[in-house]
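Student: quick one, structure for this:
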Amino acid sequence: MLIKSLNYRDIETERLYLKVLTLEHTEEVFQLFSDEDITRYMDIEPCKSLTEAEEIITYHLEDTGCRWGIFTKEKEEFIGTCGFHYIRNHNEFIGEVGFDLSKGHWGSGFMSEAMKSLLEYGFNAMSLETIDATVDPRNEKSIALMNRLGFRRDAVLRENLIYFYLTKEDWIKNQNNPY
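Tutor: Sure thing, here's the model as predicted:
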């Protein structure tokens with residue numbers, strides 16, 4: 001499959017809408033990424049201007065991957081983002097996933113719900129064979145999420161990051177035997 005041939009669509013879960021981010025979401029992205037607690041374990045500094053938020057969105061629009069804004073169905077409130085930002089084909093079709101959630105919604109189960117839907121989309125709609133992620137070793141909540149979702153942890157830290165990966169085969173097994 002050619003990476004550029006992917007057409008991304010919005011995704012709906014029980015409690016959430018995942019909407020493909022556009023520049024119309026600049027204010028929401030600015031509010032989220034200007035919070036130091038959100039960007040603490042990311043490879044970006046907190047946003048200081050709307051222009052920086054636009055640059056983040058533009059990066060994802062021009063990348064081969066996709067970033068979705070996470071909105072609650074109940075209030076249509078923007079609460080975070082998730083998506084694939086490094087898609088490559090090295091003998092298998094692989095996508096790296098990233099995610100973030102506003103502090104007011106930590107522990108709500110929203111990110112687990114969004115990520116389960118995103119994994120299904122990645123493996124089925126995008127035909128990914130493996131989904132991977134990098135997590136700062138101090139980010140206990142993200143490590144716990146990766147474990148709950150069935151990701152395997154690489155034994156060696158690289159670039160001071162924990163590498164996680166989930167194959168489609170393991171994901172299918174997890175669907176048949178929930179963790």
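Student: could you use CA atoms for every contact and neighbour count after this?
Tutor: Noted.
Student: and the helices in the protein?
Tutor: Applying DSSP state H to the chain gives helices spanning 26-33, 36-39, 50-62, 110-120, 140-148, 168-176.
Student: contacts made by the longest one with the rest, please.
Tutor: Meaning helix 50-62. Defining contact as Cα atoms under 8 Å, 6 or more residues apart in numbering, one finds that helix 50-62 is touched by L21, T22, L23, T26, E27, V29, F30, F33, C47, C66, R67, H85.
Student: repeat the analysis, applying 10 Å as the threshold.
Tutor: Identification of contacts with helix 50-62 by Cα atoms under 10 Å, 6 or more residues apart in numbering yields 20-34, 44-47, 63, 65-68, 83-86.
Student: restricted to buried residues, select these in ChimeraX.
Tutor: A single ChimeraX command selects the buried members of the contacts of helix 50-62 (16 or more other Cα atoms under 10 Å):
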select :20,21,25,26,28,29,30,31,32,33,34,46,47,65,66,67,68,83,84,85,86
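Student: how about stretch 7-17 as CSV, C-alpha atoms only?
Tutor: The C-alpha coordinates for stretch 7-17 follow below in CSV (Å, rounded to 0.1, in the frame of the first residue of the first chain):
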residue,chain,number,x,y,z
ASN,A,7,-7.7,8.8,3.2
TYR,A,8,-8.4,9.5,6.9
ARG,A,9,-11.9,9.8,8.3
ASP,A,10,-13.5,10.8,11.5
ILE,A,11,-14.1,8.0,14.1
GLU,A,12,-16.9,7.6,16.6
THR,A,13,-16.8,5.6,19.8
GLU,A,14,-19.4,5.2,22.6
ARG,A,15,-18.5,8.5,24.3
LEU,A,16,-16.2,10.3,21.9
TYR,A,17,-15.8,11.8,18.4
